[in-house]
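Enquirer: sequence first, then the predicted structure:
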Amino acid sequence: MIKNMKISTRLIIGFTVIAIIGLITGFIGLHGLNISGKSIDEIGRVRLPGVQTSMQMARSLESNAWRLRFLLNPTVNLKTRIQIREDFARDRQLYKDARAIYEPLSQTQEEAVEWKAFSEDVPQWLGINNQILELHRRLEALGILNPDALLSQIRKFKIDHYVTQIKVIDLIQEGTFFEGGTDHSACNFGKWLATFDTENPEILKILKNIREPHRQFHEATKQILELMKQGKTADATHIFHNSMQNSVDIIFNQFNLLIAEAEKSRELYQQISSMSLEKSYVIQEKVLGHLNKVLAINNRIASAEVSSAHSQAQNLRKLNLMVMVAGFALAVFLGWLLSRAISAPVIRIVARAGELMKINSGLVRRATAIADGDLSMDEESNSFSDIHHNENSDNYEIDQLTRVFNDMDSQNEQLTSSFREMCENLNEVMIRVREAVEEVGEGSRQIADASQSLSNGATESAASVEEISASSNEVGQQATLNADNAEQANRLARNAMEAAELGGKRMSEMVSAMTGINDSSKQISRIIKVIDEIAFQTNLLALNAAVEAARAGKYGKGFAVVAEEVRNLAGRSARAAQETSELIESSGSRVEAGTMIANQTAEALGKIVDGITRAADIVGEIAASSNEQALGMAQISEGLGQIDSVTQQNTANAEETAASAEELSRQSQTLEELIARFKLKNGQNHKSGRASRNHSSSEQSQKSHQLKSGSSSRNDFTGSGASELSQNSRKTPRSSQIQERPQDIINLDDDDFGKF
């Protein structure tokens, strides 16, 4: 079957097979790129965004939970609180943005179950957090951010003014002068009042109502001191009862109102603490647990996708190598087969042409010999019948020679016609070969362009994979850093918890001791007050006795002396009792204030211990989660590196395909140049080959007419014609007599070689 095919058909089949091999190789590479692209899409567009958004949601929610706990610190000022609320709103928006990115992503069944549980629990947690924020806003609106400190200060202010009042009473009764208490802006409350800032209208109203009585209190103290220095005890007593005592009542009443406002703030703090450390914490554990499971699922799926992509890439690499080897072997076999199919007919054509040249050379030599008058006929080995010379009759020889030349002319005409037909067929074959070569060259260039585009696409995919790998490495490094920081924070929290527990124990012991001291001081104070009352009553009785003795005149003089002594003793007892009572009351007040502060400190330390314990647990969980995230990101980075190597291999394969196509194009160009060396009919080249075939029929008819004219001239051969032939033979070299003519076309088909 192959022997019956034309050479152009054989070339087309051979180059088509080679093109199919290149197409199969390119298709395998393209299929590998598609698979790699799907894996990259799954990791880069689904799993990596899923991991990033899950981490962002967890980070935002945990940061907001930490901010809400940080707001429980009463020492945080209003500016910091506003900044924390702004950061809270920013992280809440980051959580919403991350959730909006994550929700449209495809989810596995397990992931969908965890996400559904998370979606059901997180609104409740966010609602509680919103309630806590609203309570913080109400607390800030009260203007008392540290109610315990304010309560302690107000109690101290009450004690200071109570002590000043006692000193004024002692001054009036005993004449004991003292320093200070005359400037309302120099006392502790006056200094605090000048620096305290709030926007609470109730507190502003209270402070407005207390300013004038407070000034009047200290102004009365100043007037009493001046009157007592002048010895005007009655006037001083009048100012004490009519001015100072009223101011004290108003001041203490306003102090009680401030205490009530501080208690409101304290109740809000307790409510916020209860919601933050109990109710919110329980739901937070559930929400973050579901979210961490979602993150773990995404990490596991991404790792599985990387492993699958790596396995598929290995299989495609093996298949591509097998196709390349098989294609190379098939191309070599087709090249060898085509070379034999083309070279064998050409060799036969050359052999036939050599035989014809020998025959024509023998004819020319005989014609030349006859023209020179040599009538001897030597036997030569050619394809014509043997010619025998008749020595007895020259006319017979001439007639015989004429018949021979006529036979030769007839055979030459047949030979010419056969050569013309052969050259036409050869011309047509070479034109088809040239067209096939051009098509193969164009196809190879298209394959080269496609392979180059495929290589560029693979290069871009490799660049994208490298960028994703770099992003994954960066995320992994950040996760590792977060894990280290969380671990360090966990250690610090544990140390702080131990220190706080020890401080709580010491504070509890100190509170117990101070409670005992306070109870003893109260009992002593009650006893001293009884003694003071007895002395005061004794003093009054002595004064009454002195007044009665004065009324009795000389009869009551002795009684007046006794009453004076009793009065002196009562005064001394009152002063001693007053001094002791003052010291005990001052000590008791201080012990009570210290006990209260110690109790509050112990409670605060207890809350700090609980908060630090929970914070340590949370930080530990964050550290474990960060370690898992770092491990997952490391696995993702490793998988992306493997995908990158596979993509690089596909790129190299595409480049090799492009290089093979370019080599095929160069080979087709070389073959086209070799074919261009053939001189086709009417000087056709590779650009005008198709147009020349349209005029082949008319040119062949003209050449047939020329050949018939030459035959008729040779049929009229005579002696003069022989001489002309001899003269032309002498003038023209033999090499020029045997020239290639355009009409001598040899048909290369195997079926037409028999006539030659």
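Expert: That came through, no problem.

Enquirer: what are the phi and psi values for the residue lying closest to residue 142 once chain neighbours are set aside?
Expert: The spatially closest residue to residue 142, leaving aside those adjacent along the chain, is residue 265, at 4.9 Å (CB to CB, 6 or more residues apart in numbering). Every residue, glycine included, has its C-beta placed from N, CA and C. The phi/psi pair for residue 265 (degrees, to the nearest 10) reads phi -60, psi -40.

Enquirer: likewise residue 57?
Expert: With angles defined as degrees, to the nearest 10, residue 57 shows backbone torsions of phi -60, psi -50.

Enquirer: next one: residue 187
Expert: Residue 187 has phi and psi values of phi -70, psi 170 when expressed as degrees, to the nearest 10.

Enquirer: for it, which non-adjacent residue is closest in space?
Expert: Closest residue in space to residue 187, ignoring its immediate chain neighbours: residue 160 at 6.3 Å, by CB to CB, 6+ apart.

Enquirer: how is the one you found assigned, secondary-structure-wise?
Expert: Using DSSP: H, G, I helix; E, B strand; the rest coil, the structure places residue 160 in helix.

Enquirer: contacting residues around it?
Expert: Contact analysis of residue 160 by CB atoms under 8 Å, 6 or more residues apart in numbering lists 187-189.

Enquirer: check what pLDDT the closest residue to residue 61 other than its chain neighbours gets.
Expert: Excluding the flanking residues, the one nearest residue 61 by CB to CB, 6+ apart is residue 95, at 6.1 Å. We note a pLDDT of 88 for residue 95 in this prediction.

Enquirer: can you get me a residue count around residue 95?
Expert: If you count neighbours by other CB atoms under 10 Å, residue 95 ends up with 21.

Enquirer: what are the buried residues along the helix or strand hosting it?
Expert: Assessed by DSSP states H and E, residue 95 sits inside helix 78-102. Within helix 78-102, the residues that qualify as buried are 81, 84-85, 88, 91-92, 94-95, 98-99, 102, counting by 16 or more other CB atoms under 10 Å.

Enquirer: of those, closest to residue 155?
Expert: Among these, residue 81 lies closest to residue 155 (CB to CB), at 25.9 Å.

Enquirer: strands of the chain, residue ranges please.
Expert: Here the chain has no strands by DSSP state E.

Enquirer: what's the domain layout of it?
Expert: Per the TED database, the domain ranges recorded for the chain read 7-143+271-354, 148-269, 413-676.

Enquirer: mean pLDDT lowest where, among these?
Expert: Between the domains of the chain, the one with the least mean pLDDT is domain 413-676; it has a mean of 68.

Enquirer: about what we covered before: of the contacts of residue 160 - the most surrounded one?
Expert: When neighbours are taken as other CB under 10 Å, the top entry among the contacts of residue 160 is residue 189 (23 neighbours).

Enquirer: now for the buried residues of helix 78-102: which two are most distant?
Expert: Pairwise distances across those peak at 31.1 Å for 81 and 102 (criterion: CB to CB).

Enquirer: returning to what we had before: which residues touch the residue nearest to residue 142?
Expert: 139, 142, 144-145, 147, 150.
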